[in-house]
Structures are given as C-alpha cells and as structure tokens.
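Visitor: Generate a structure from the sequence data that follows.
(one chain, ligands or ions: 1)
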Amino acid sequence: MSTRKPTSFEKTVPDYRRRIVWIFSIPLKITIRSGYAMWVQDKESRQLNTKPIPRIQGRLPGNLDIEWRVMKSFKGDYILQGFADLPREHNTTILNTRFFWDDQIISMDEGVTYSVFFTGFSHLKGGYSGINGCKRVICGGHLINYSYTYAFSGFFEPDYSMEDNAWKKSRAIARPFFSKDHISDVDIFERTSIITLDLFAVRSNKGRPIDIQDLVSRFTLDSASEFLFGRRLDTLSRPLTEPGKVKLGLKGSILIDRSDEFDVFTEAFGRVAVLMTQRGAQGPTWPLLELFKDLTEEPIQVIMNWLDPLVKVTLKKKMKSLGTVPETKDAIFLDFLASQTDDFEHIRYELVTYLIASRDTTETLLTFIIYFFALYPNVCERLREEILTTFGPDQPPSYDKLKGLKYLHRWSLAHLVMFPPVIPTSNRPIHFPRRTQRYNLWEKNEDEFLPERWLDEKTLTNVNSTPFMYCPFSGGPRNCIGQGFAFNETAYFLVRLLQRFKAFKFAPRCQPTGSLPDPVWKRKPGRQSAEQIVPAINMTIHSKSSD
Ligand code: HEM
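Guide: Predicted coordinates for the structure are as follows:
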C-alpha cells in the first residue's frame, strides 16, 4: 500500500471523482465566501471604529477587467506600474483590489505597515502578512503574494503549513543558527567568489561580455547550498549563458541548448520556482489549470530524492553518536537542524525553504548593484576607493572589517530602496487605523539613485524613528531571518569584485531580443527614463524575462 502523502493539489481537490462536482460548486462557493467575508469585515470595522479599506469596484465580476489591465501592464509598462496606478486613481494610499474575489491589499502607509507587522500581527490568520511601506514600490504585488504564501507556508510539504504554532516552532529552531557565530564565517564566500570571479576574468580578459544575472545566481546558489547542506550545487562549473546563444527564459536569459546546463536538482528547483510564480499570477484559479496533473509533483519529487539521503545520513550519524550532533561554529544548517530535532520531514522542508529564501533574494540585490555600477560609474569609483583603502588589492576581507565599510552598507541600503528584492504582501483582511500617513523617505528626487543620502545623519535618524518607512527585510516577528547572512554575502562578493575590476559597461547588443527598454521609456518621468534594462518580477525582482 502506498504511503505517499497527498500533494498540495490533492489536498485542494481531494478525489478525482469529485472533481466535476467541485468545478460546478466553485461559483457558489465564491459568492458565499466573498459576500460573507465582506460582511464580516464591514461589521468588525464598525465595531472597532476603523475606516473600511476602500475596495476596487470593477465592471466585471471578481474585478477581472482591472486584473486584466494590471496583467497587461506587466508586459510593457514599468515594473509594477499597473499596481502603482491603482491607489493614485482611487485617491488613496491603501486599497483592496478584490481580484478574483480575494482580499489583496496594497498600501503605502507606514502606519498600516507597522500595524500589520507588529500590533496586528497576531490577529492575522495563517501568519503570512506584511504590507510594504517603503518609498517607491507601493504595493504588495499579487504575484509575489501567492508565490511567497506557497514558498513559506508548506508548499513543499502540506503538513508543515505555517499555522502560527508550526511557524513559531520552526523559527525558534532555526534562529540560533543565524547568530553572529555562524554567519561570521566567511570561508564559503571566499571559495565561491574566487571561482565566480575567475570565470568573470576569463571572459573580460578576452573582451567578452558576461551575463551578470546568470553568474550571480550561480554564486548565490552555490554559496547557499554549501552553507545549508554542506554540499555545493556547483552550478558555476556548468556552461554559462553565452551572448548570441541565449533566449529569454522565465527569469532572465537562458541557453538555447539547455541540455547540459544544470544538474537535475537545480533544474527541478528552478522549475518549481517558476511554477509557483505562474500559480501566483493565476490566483485561486490555478487548480483549474492543473486539473489533471499537479505540475509541481515531478520536480518536487526530484528535489526530495536529492535531499533524502543527505538528511538520512545526518540523522544516522546523530544516532550513532548517541543523539548528539557536535554543534560547532562551523556546523552547516543541516547538522544544526539535526542537533535540534529528529523530525526528518521538518529538516527536509526547512532546507528547501531556506534555499529558496536565500538564493533569489541576494541574487537580485547583487545583480542590481552591479547594474548600477554600470549606470553610475562615479558611485562605483567611490565604493572601490573605500574597499581598496580598507583591504588593498587582494587581502581577503574579515567579517569585522566588512562591517566597517560605511559607504558599501549605505550603497546596499540605497539599492534596497530602489529595487527591494522581495515585496512583503498581505491578502488578509485588516482594519485601517483612522490616522495613518504616507511617509516619503525623501522629500524630492525620490527616483534618483543617490547613496550619499544615506550618509546624511538626519536621514538616518528619520528612518530609524519610523522604521516601517523602509523595510526591505520586512519587520516584526516574521522578518527576514537571513538578513545578516545576506549582508555578509553581498559585502564579501562586492569587495572581492571591486578588488579585481574597476568599471562595468553594458553590452546591449548581446542582450536577447525583447529584453531592452522600449525607446519611449526615455521620455517617461522618474526612474523609468534612466533604465537600461527592463526590471521585472518573477517571485523576486530581476532583469526582464519572457512574458
Ligand atoms: C537581500 C536579501 C534578502 C532580502 C531582501 C530578504 C527579504 C525578506 C523579506 C521581505 C521577508 C519577509 C517576507 C514577507 O513578509 O512576505 C523575508 C523572510 C525570510 N527570509 Fe529573507 N531576504 C533576503 C535574504 C535571505 C537569506 C540569505 C535567507 C537565508 C539564509 C533568508 C531567509 C528568510 C526566511 C527563512 C524568511 C521567512 C521568515 C519567517 O517566516 O519567519 N532571506 N526575507
């Protein structure tokens, strides 16, 4: 008898024979659920003396007309423009889109962000929450919303759905690993950045361009896998994307001939990330489009098959050593988890979750930083000066000295304002305190990239006194656990990069067709006119991919 667990899809649509009934019951369920939810919200809002959050009233049921417009804007407009226009059109700073009859709240209010992350955190069912209060991306995008719900709420293993207690337990187990002791070990970054930069040097010495997004994504995946599993996925040894031999993939360029690009694990991992994003775009209708086959089942199986032996061996080692795993400073995350729990599924689930959370985010930050090196060479020069003064041309950076790089840290902060890799979102009903305000980090020139603004003590005091104006790592009990790791990784790589390379140039002729900004962008207001690539979203922010 099979002991296989039901997949997320099977849980949603439990029995093949019931599928027909299930399909026909959808409209009825939606009408009842949606009407009831709105009634409850309005009633609670009156009781709590709060303002109800304005709801979009489209012409079509489920606001499909507006959803359609937003989706269309994803293809040609500036990043998240379709979402950004909505609050403006409704003359508000917070709005409930009610796309597909679901609550999806977008907000630019620092007060709302604060209430969601802190004061209202425990009221949010299912845990996943957050509204972005940062300066320019005014919405918790619908796409990110769903994909992250899946990523962190038991998408891989339904049993670990992040209900409050399970999430708390899991966070409490992992938390000590992210203490200074563990994340101050920079050896992994040294090994991986040297391999990465050697590849870079081979190309640049021959005057050949390189796809930074591709290279950096391998650096972050190899570093994260070594940190988490103690085994580098070694994507850096696989063929890199080559100008002229690429097309647009779902996330940046991919090789036209992909036969030898990645091993099965990396391939499956990438496929799941893409599927999660697609499901996000499809909203609650995704099970309809996968009615006869759960498309994630196969790649998830590949991932699990790859991880199973690693986890089994670690737990066996623990048994042999009478239940203890040496908890040293150098322990990898897998060993650390095994020292805290014997729960095989918990460990497996955590490894995948952390790999997803750590790879794409830091990749985005590094990609956009290097993109900005090419856009703003004078800022790059200043940063390089700081690095060379501190470490000289080849000294490997130590953890303590990395922390002292003032300009580098401010530069990273400035990036996280411009292009926050993750956009925390909420699709839970919340109430809107009567007095919320929209803060702006800067009074003027908000779209200009000026890292020196972060050197200004007045700005820092302003940000520190209203932290939810700017929260790329989210805030409150569910903020990013890997923030310190991400900063070290980014800083380490940048030091090693700028010790070896002086300046960066675009190679627009090598970009795949369709990946360059439309010439009309030059006449658009704000940041859009400065872009040399097309920023897009697919779970995290990245440079343009196929539609
Ligand atoms: C620049 C890099 C990063 C950024 C901008 C970032 C941002 C975020 C944000 C905004 C959240 C909250 C998501 C939400 O509320 O929707 C989050 C959660 C999380 N991040 Fe990060 N992250 C980064 C790197 C990392 C790294 C390197 C790791 C692991 C090594 C990591 C692990 C996690 C985990 C596990 C969570 C879920 C925490 C929980 O639910 O308790 N992140 N991150």
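
Visitor: Would you point out which residue of this structure is nearest the ligand?
Guide: At 2.1 Å from the ligand, Gly482 is the closest residue in the chain, using CB to the nearest ligand atom. Yep, even glycine has a C-beta here, placed from its N, CA and C like the rest.

Visitor: can you give me the helices in the stretch 201-350 of the chain?
Guide: With DSSP state H, counting those that start in this stretch, the ranges of helices along the stretch 201-350 of the chain come out as 212-229, 264-282, 286-289, 297-320, 333-340, 344-375.

Visitor: I'd like the next helix or strand past the one helix or strand Ala414 maps to.
Guide: Under the criterion of DSSP states H and E, Ala414 resides in helix 406-418. Note on helix 406-418: by DSSP H and E, the next helix or strand toward the C-terminus is helix 457-465.

Visitor: now that following helix: how far from the chain's centre is it?
Guide: Here helix 457-465 shows a centroid-to-chain-centroid distance of 26 Å under the convention CA atoms, centre = their mean, to the nearest Å.

Visitor: Now do that helix and helix 406-418, the angle between them.
Guide: Relative orientation of helix 457-465 versus helix 406-418 (axes from the mean of the first three to the mean of the last three CA atoms, to 10 degrees): 60 degrees.

Visitor: Please identify the buried residues of helix 457-465?
Guide: Val463 (16 or more other CB atoms under 10 Å).

Visitor: next SSE after it?
Guide: Next along the chain after helix 457-465, taking DSSP H and E as the criterion, comes helix 483-500.

Visitor: If you compare the directions of that following helix and helix 212-229, what angle comes out?
Guide: Interaxial angle of helix 483-500 relative to helix 212-229 (the same axes, to 10 degrees): 130 degrees.

Visitor: And helix 483-500, what does it pack against?
Guide: Identification of packing neighbours for helix 483-500 by 3 or more CB pairs under 8 Å, 6 or more residues apart in numbering; DSSP states H and E yields helix 180-183, helix 187-205, helix 212-229, helix 344-375, helix 377-391, helix 399-403, helix 406-418.

Visitor: can you list the residues that contact the shortest one?
Guide: Contacting residues not belonging to helix 180-183 are listed as 329, 331, 336, 484-485, 488 [CB atoms under 8 Å, 6 or more residues apart in numbering].

Visitor: Which residue comes closest to the residue of the chain closest to the ligand once chain neighbours are left out?
Guide: Spatially, and ignoring its direct neighbours in sequence, Gly482 is nearest to Ser358 (5.5 Å; CB to CB, 6 or more residues apart in numbering).

Visitor: Local confidence estimate at that neighbour?
Guide: Note on Ser358: pLDDT of 87.

Visitor: That one is in contact with Glu226, isn't it?
Guide: No: contact criterion CB atoms under 8 Å: Ser358 and Glu226 do not qualify, at 11.3 Å.

Visitor: Dump the C-alpha coordinates for stretch 404-413 into PDB.
Guide: C-alpha atoms of stretch 404-413 as PDB (Å, rounded to 0.1, in the frame of the first residue of the first chain):
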ATOM      1  CA  GLY A 404      33.100  48.800   9.000                       C
ATOM      2  CA  LEU A 405      32.600  49.600   5.300                       C
ATOM      3  CA  LYS A 406      30.300  52.600   5.700                       C
ATOM      4  CA  TYR A 407      29.800  53.500   2.100                       C
ATOM      5  CA  LEU A 408      29.300  49.900   1.000                       C
ATOM      6  CA  HIS A 409      26.500  49.500   3.600                       C
ATOM      7  CA  ARG A 410      24.800  52.700   2.600                       C
ATOM      8  CA  TRP A 411      25.100  51.800  -1.000                       C
ATOM      9  CA  SER A 412      23.300  48.500  -0.300                       C
ATOM     10  CA  LEU A 413      20.600  50.300   1.600                       C
END
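
Visitor: That one close to the ligand?
Guide: No: judged by CB under 6 Å from any ligand atom, stretch 404-413 stays clear of the ligand, getting no closer than 8.2 Å.

Visitor: do stretch 455-469 as well
Guide: No: if you take CB under 6 Å from any ligand atom as the test, stretch 455-469 misses the ligand, and the best it gets is 12.2 Å.

Visitor: Report the distance from that stretch to the chain centre.
Guide: For stretch 455-469, the separation from the chain centroid amounts to 24 Å (computed by CA atoms, centre = their mean).

Visitor: and if you look at stretch 214-231?
Guide: That offset, for stretch 214-231, works out to 16 Å (CA atoms, centre = their mean).

Visitor: Also stretch 393-411?
Guide: Mean-position distance between stretch 393-411 and its chain equals 25 Å (CA atoms, centre = their mean).

Visitor: now do stretch 507-517
Guide: For stretch 507-517, the distance to the chain centre is 24 Å (CA atoms, centre = their mean).

Visitor: follow-up on the earlier one: what's the most buried one of the helices and strands packed on helix 483-500?
Guide: Among the helices and strands packed on helix 483-500, helix 212-229 has the highest mean neighbour count (mean count of other CB atoms under 10 Å), at a mean of 24.

Visitor: Quick one: mean pLDDT for that one?
Guide: Taken as a whole, helix 212-229 has a mean pLDDT of 92.

Visitor: What is the neighbour count of Val313?
Guide: Per other CB atoms under 10 Å, the neighbour tally for Val313 reads 12.

Visitor: so what's it scoring on pLDDT?
Guide: For Val313, pLDDT reads 90.

Visitor: same question, Leu351
Guide: As predicted, Leu351 sits at a pLDDT of 89.

Visitor: repeat for Glu298
Guide: pLDDT for Glu298: 87.

Visitor: From Phe485, how far off is it?
Guide: Glu298 sits 31 Å away from Phe485, going by CB to CB, to the nearest Å.

Visitor: Those two: which has the busier surroundings?
Guide: Remark: of Glu298 and Phe485, Phe485 carries more neighbours, 22 against 13, as counted by other CB under 10 Å.

Visitor: residue contacts, that one?
Guide: 178, 183, 227, 358.

Visitor: List, out of these, those positioned next to the ligand.
Guide: Okay, of those touching the ligand (CB under 6 Å from any ligand atom), that's Ser358.

Visitor: Include distance to Ile254 when you put the contacts of Phe485 into TSV, please.
Guide: TSV is the format used below for the contacts of Phe485 (distance: CB to CB, whole Å):
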residue	distance to Ile254
Phe178	32
Ile183	32
Phe227	26
Ser358	22
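
Visitor: Could you point out which of the contacts of Phe485 is nearest to Ile56?
Guide: Distance to Ile56 across these (CB to CB) is lowest for Ser358, with 35.0 Å.

Visitor: wait, what's in contact with Leu455?
Guide: Leu455 neighbours (CB under 8 Å, 6+ apart): 406-407, 410.
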